[in-house]
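Asker: Let me see the structure of the following:
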Amino acid sequence: MSEGIERIFGFNWLWCLLQFLSYQTFSKNFVIEADACDKGVGAVLMQDHRPISYLSKALSLRNQGLSVYEKEFLSILQAVHKWKHYLISHHFIINTDHQSLEHILEQKIDNALQQKWVCKQLGLDYEVQYKKGKENIAADALSRREQGECATITVTIPSWVTDIQKSYEQDDELLLILQAKIVKDNSFPF
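Answerer: Predicted coordinates:
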């Protein structure tokens with residue numbers, strides 16, 4: 001592993017990149033590993049210890065002011081929301097390094113925000129399990145990932161696409177057909 005890459009991304013982030021994504025199998029249980037830090041949340045959807053999808057999201061300034069408990073809960077909520085189409089009719093496990101979240105369904109919740117969040121999870125068949133932070137490598141790395149600003153956007157167009165576009169311009173018969181399709185009265189919705 002290159003020292004430069006390790007210095008830029010950090011080992012944990014590189015670990016996530018080196019994992020190959022697997023296809024989901026609805027006959028097996030899904031596992032979500034979720035984590036939060038001061039400025040972001042991260043999660044991994046897995047089956048058989050293989051990642052299916054990643055989530056890494058920066059927290060808004062408002063959410064950065066939440067308690068650690070609420071940030072960890074928010075990471076779970078965002079992960080479940082993102083992958084709900086996989087989870088809706090299956091039992092799944094949520095791993096978190098915040099031990100008190102293990103008992104979220106048995107606790108008395110008097111905070112309106114947390115009540116709202118618990119309501120969003122109603123109807124889902126899941127259990128929350130504690131997993132030590134040292135073992136929750138991928139979600140931890142994703143939650144701490146630097147959210148850089150996008151300075152440029154590059155679009156790559158294969159050369160064969162450009163060749164086809166150029167061939168359109170040189171084919172008079174095809175140009176007439178395309179113009180007829182474009183100018184046709186009923187081709188415009190207004």
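
Asker: mind checking the longest helix of the chain?
Answerer: helix 68-82 (DSSP state H).

Asker: which SSE is the nearest residue to residue 75 once chain neighbours are set aside in?
Answerer: Nearest residue to residue 75 in three dimensions, chain neighbours excluded: residue 41, at 3.7 Å (CB to CB, 6 or more residues apart in numbering). Any C-beta I mention is one placed from the backbone N, CA and C, and that applies to glycine too. Element membership of residue 41, judged by DSSP states H and E, is strand 40-47.

Asker: Now do the buried residues in the longest helix of the chain.
Answerer: Going by neighbour count (16 or more other CB atoms under 10 Å), the buried part of helix 68-82 is 70-80, 82.

Asker: neighbouring contacts of the following helix or strand past the strand holding residue 41?
Answerer: Downstream of strand 40-47, the next assigned helix or strand under DSSP H and E is strand 50-58. Contact with strand 50-58 is made by 16, 19-24, 30, 39-46, 78-79, 82-83, 86, 138, 142-143, 145, 147, as judged by CB atoms under 8 Å, 6 or more residues apart in numbering.

Asker: Pick out the residue closest to the middle of this protein.
Answerer: Note on the chain: the residue nearest the mean C-alpha position is residue 55, at 2.7 Å, using CA atoms, centre = their mean.

Asker: burial of residue 117, as a residue count?
Answerer: Neighbour count for residue 117, taken as other CB atoms under 10 Å: 18.

Asker: ok, the residue nearest to it when sequence neighbours are not counted to residue 167 distance?
Answerer: Computed as CB to CB, 6+ apart, the closest residue to residue 117 that is not its neighbour in sequence is residue 77, at 5.3 Å. Using CB to CB, to the nearest Å, one obtains 51 Å as the distance from residue 77 to residue 167.

Asker: List the contacts of the closest residue to residue 143 other than its chain neighbours.
Answerer: Nearest non-adjacent residue to residue 143, counting by CB to CB, 6+ apart: residue 42, 3.5 Å away. Residue 42 makes contacts with 34-36, 54-57, 75, 138-145, as judged by CB under 8 Å, 6+ apart.

Asker: Many thanks, we can stop here.
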